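# build me a model:
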Amino acid sequence: MAFHLCSSPSSLFHDLPSISSSSRNLKPRIFFSSFHSKTSLHVSLQEPIPHQQQEDDPLPKSSKTSYIWVNPRSPRAKQLQKKSYDARYTFLTNLALSLDSSNPTHDDVSLVLKDLGDKVLEQDAVIVINNMTNSKVVPFVLEYFQQKIRPTREVILYNVTLKVFRKCRDLDAAEKLFDEMLQRGVKPDNVTFSTIITCARICSLPNKAVEWFEKMSSFGCEPDDVSYSAMIDAYGKAGNVDMALHLYDRARTEKWRLDTVTFSTLIKMYGIAGNYDGCLNVYEEMKVLGVKPNMVIYNTLLDAMGRAKRPWQAKSIHNEMTKNGFSPNWATYASLLRAYGRTRFSEDAFVVYKEMKEKGMEMNTHLYNTLLAMCADLGLTEEAFEIFEDMKSSATCLPDSWTFSSLITIYSCGGKVEEAERMLNEMIESGFQPTIFVLTSLVQCYGKAKRTDDVVKTFNQLLDLGITPDDRFCGCLLNVMTQTPKEELGKLIDCLDMANPKLESVVRYLVEGLDGDFRKEASELFNSIANEVKKPFCNSLIDLCVNLNMVDRGCELLDLGLSLEIYADIQSKSQTQWSLNLKSLSLGAALTALHVWINDLSKALESGEDLPPLLGINTGHGKHRYSDKGLANVFESHLKEMDAPFYEAPDKAGWFLTTQVAAKSWLESRGSSEIVAA
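Alright, predicted model coming up:
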């Protein structure tokens, strides 16, 4: 037979299907058979397992139903129809309905089943139990039939009873019935285990499914490929990734049939492991095998692409989904919003947000915070305020600590002190204490406003709350120092002394002009901080050198940054062009790098080295998210002040280019003069 695998977990194993009323499709013919012989009715108890022998049929071939055609125009047709297969099956299914609504007692069950008479057939028992849905009553029904008949294969009665427990998601009852089987000496078969395993899976107990799967061999049961395929899902959800992937490799080699639930688990498993290409590979393999994606597959993929920060692939999958006739649901929109929000695709994020509102879909706090964090990253102040007001008007969402943190960050980066303080007060009134993230933003805000005393006050507030200053907070203090008048730097140095003594020591070298091994002190500092803050620290320290007119110290820090691989590929050379790449540098660090590069060009000329046909400076074309000025704007005016023959390329934004002839003439005219840092 062909196994039809659908998204329902229960379909992954050999179900015990209801008897099909195929005779209805053959009317007006009428078939009848006698129910007065034990061998007169054959009930298909299970769909045959591949490679299984014919002797697995619960009844011998001689017991299969014989049908006789009756002329529907015959005067005896109605009488014979009462004895037909359809009539008998309807009678038994009605008994099952009556049992489902009865009380779980021996007396009530016996009262319902008395209509079967004294001669109860094994096939009748199977049909009745197979059509029941009440897990409380079915044990009494099983016991009744066990007292009335001696089944040829008692395991079949147990299997259809287990199926009822599976319908009701009652794994405890299924496990108790299994123990009863063993006590009565009934040997479980493949269907027994597959039914219990499926019950565990639909109860969201993958570890239990694995436990029962691994018991099979001890009872002489060998799983088939469909059972193995189902266990890919169970092992994946149970966290045994190696076993799940091992089975998946077998599935591809041996061409097992996998359903959408299993593929969804594989995609999710690869996503959790961070193997996002693996997610896409599984998706493509799924389509090659002819398994059509459903909403769960699409939403699982969208979520994975969001975590992978691949919004372009999320958009492509979304387009494919709608093209295939699926309408986005809440989970779809939520995944898209996270994918676009995390990667600052603001236009796409706002489109999704608008569609959700138009369709009456409720946002949750996490989604609102995703949008607000995106606004904070991009400096979208007005949009953030509108989203915040919408959030507060929602009946289901309340701002949390992260909400206020994002808003305070937006106002702080824009230097809007009053708005940031107002939001801080609202945060405290809502029952949230300021976090280190909030206090870091406030330090930045007060620094922009040149309110050094408030910076110190915020630092003391952090200590009063029992929060230990981290590298990011210290980096923010250092950045504030690059904007602080020299006469007030002592107040901030005192803060650094308590927050990070190594950083305080390096800063004192610069501010107080101390003698000593500065490079060693700076190296120790960089080796003591997290990798992600090394470049901001080095940028700010060089900025401070520029502000203090300490060009040599700035050059020393730049050289140290290169040797420690904090900076990379600032200068690049080819046969046709030498370039200075400044995109990752602060203004002070960029000016220092320019100073070093021009000196290197002068030395090259002095040594007789030929310059290439083209020289270029790449500042990048982006603007600061909270300012209209970018590095390119500042460099354009600075190069003019130097009378340097570099001009912005019309077809390459952020690039300033010059020719070999112009550069050589300018370098020779300026001699060994130093650049005056702006």
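# send me stretch 356-373 as CSV with only the CA atoms.
Below are the C-alpha coordinates for stretch 356-373, written out as CSV (Å, rounded to 0.1, in the frame of the first residue of the first chain):
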residue,chain,number,x,y,z
MET,A,356,-1.2,43.8,11.1
LYS,A,357,-3.0,46.8,12.4
GLU,A,358,-5.3,46.9,9.4
LYS,A,359,-6.2,43.2,9.8
GLY,A,360,-6.9,43.7,13.5
MET,A,361,-4.1,41.5,14.6
GLU,A,362,-2.9,42.2,18.1
MET,A,363,0.7,43.1,18.7
ASN,A,364,2.5,41.9,21.8
THR,A,365,5.1,43.6,23.9
HIS,A,366,8.0,41.8,22.2
LEU,A,367,7.0,42.9,18.7
TYR,A,368,6.5,46.5,19.9
ASN,A,369,10.0,46.4,21.4
THR,A,370,11.5,45.0,18.2
LEU,A,371,10.1,48.0,16.3
LEU,A,372,11.3,50.4,19.0
ALA,A,373,14.8,48.9,19.1
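# buried residues in it, which are they?
M356, M363, T365, L367, Y368, N369, T370, L371, L372, A373 (16 or more other CB atoms under 10 Å). For glycine as for every other residue, the C-beta is placed from the backbone atoms N, C-alpha and C.
# try stretch 492-505
Buried residues in stretch 492-505, counted by 16+ other CB under 10 Å: L492, I493, C495, L496, A499, N500, K502, L503, E504, S505.
# for the last one, give me its contacts.
It refers to S505. E521, L525 (CB atoms under 8 Å, 6 or more residues apart in numbering).
# please redo it, this time with the cut-off set to 6 Å
E521 (CB atoms under 6 Å, 6 or more residues apart in numbering).
# and the strands in the protein?
30-32, 68-70, 571-573, 577-581, 614-618, 647-648, 655-659 (DSSP state E).
# what pLDDT, on average, does the first one get?
Throughout strand 30-32, pLDDT has a mean value of 33.
# in contact with L492, which residues?
M481.
# coming back round to it: now tabulate the strands of the chain in a markdown table and tack on distance to R344 and mean neighbour count.
Output for the strands of the chain, formatted as a markdown table (distance: least, CB to CB, whole Å; neighbours: other CB atoms under 10 Å):
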| stretch | distance to R344 | mean neighbour count |
| --- | --- | --- |
| strand 30-32 | 69 | 21 |
| strand 68-70 | 74 | 12 |
| strand 571-573 | 28 | 12 |
| strand 577-581 | 23 | 19 |
| strand 614-618 | 22 | 20 |
| strand 647-648 | 26 | 16 |
| strand 655-659 | 24 | 18 |
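# now do the residue nearest to D569 when sequence neighbours are not counted, the pLDDT please.
Nearest residue to D569, sequence neighbours excluded (CB to CB, 6 or more residues apart in numbering): N581, at 6.0 Å. Note for N581: predicted pLDDT of 94.
# I figured N581 was touching N618, is that so?
Yes. In this structure, N581 is within contact of N618 by CB atoms under 6 Å, at 4.9 Å.
# look up phi and psi at L205.
phi -120, psi 70 (degrees, to the nearest 10).
# how about it: what's its closest non-neighbour residue?
L171 (6.5 Å).
# and what of H318?
L336 (6.1 Å).
# contacting residues around the residue nearest to D543 when sequence neighbours are not counted?
Once flanking residues are discounted, D543 sits nearest to G588: 3.4 Å by CB to CB, 6+ apart. Contact analysis of G588 by CB under 6 Å, 6+ apart lists I542, D543, V546.
# same thing but 8 Å
T482, N539, I542, D543, L544, C545, V546, N547, G554, A677.
# same deal with V137?
L99, D100, S102, N103, P104, V109 are the contacts of V137 under CB under 8 Å, 6+ apart.
# between the residues you listed, which is nearest L266?
D100 (37.5 Å; CB to CB).
# could you find the closest non-adjacent residue to L463?
Per CB to CB, 6+ apart, closest to L463 is M498, 7.3 Å.
# ok, the one you found to E504 distance?
8 Å (CB to CB, to the nearest Å).
# go on, K136?
Noted for K136: a distance of 73 Å to E504, by CB to CB.
# likewise G554?
Separation of G554 from E504 (CB to CB) stands at 19 Å.
# from the chain's centroid, how far away is stretch 292-312?
Relative to its chain's centre, stretch 292-312 lies at 8 Å (CA atoms, centre = their mean, to the nearest Å).
# in that stretch, what counts as buried?
Neighbour-count burial for stretch 292-312 [16+ other CB under 10 Å]: 293-308, 310-311.
# put the buried members of the contacts of V137 into a ChimeraX selection.
Applied in ChimeraX, the following selects the buried portion of these according to 16+ other CB under 10 Å:
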select :99,100,102,109
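# closest to T468 among the contacts of V137?
P104 (61.3 Å).
# how about that closest one, what does it touch?
Neighbouring residues of P104 by CB under 8 Å, 6+ apart: N134, K136, V137, P139, F140.
# what sits closest to the last one if chain neighbours are left out?
Right, the one you point to is F140. F140's closest residue in space is V109 (CB to CB, 6+ apart), at 4.4 Å.
# just checking, that neighbour touches S101?
No. Contact criterion CB atoms under 8 Å: V109 and S101 do not qualify, at 11.7 Å.
# remind me, longest helix of the protein?
helix 587-606 (DSSP state H).
# and the gap between V443 and L478?
Counting by CB to CB - V443 and L478 are separated by 10 Å.
# can you map out the helices along the stretch 51-200 of the chain?
77-81, 85-100, 106-113, 122-130, 138-148, 154-167, 171-183, 190-202 (DSSP state H, counting those that start in this stretch).
# now do the fifth one: distance to the chain's middle.
On the basis of CA atoms, centre = their mean, the separation between the geometric centre of helix 138-148 and that of its chain is 48 Å.
# quick one: list the elements packing against it.
If you count contacts as 3 or more CB pairs under 8 Å, 6 or more residues apart in numbering; DSSP states H and E, helix 138-148 packs onto helix 106-113, helix 122-130, helix 154-167.
# could you dump these into JSON lines and include distance to D471 and mean pLDDT?
Shown next, in JSON lines, are the helices and strands packed on helix 138-148 (distance: least, CB to CB, whole Å; pLDDT from 0 to 100):
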{"stretch": "helix 106-113", "distance to D471": "71", "mean pLDDT": "91"}
{"stretch": "helix 122-130", "distance to D471": "66", "mean pLDDT": "91"}
{"stretch": "helix 154-167", "distance to D471": "54", "mean pLDDT": "93"}
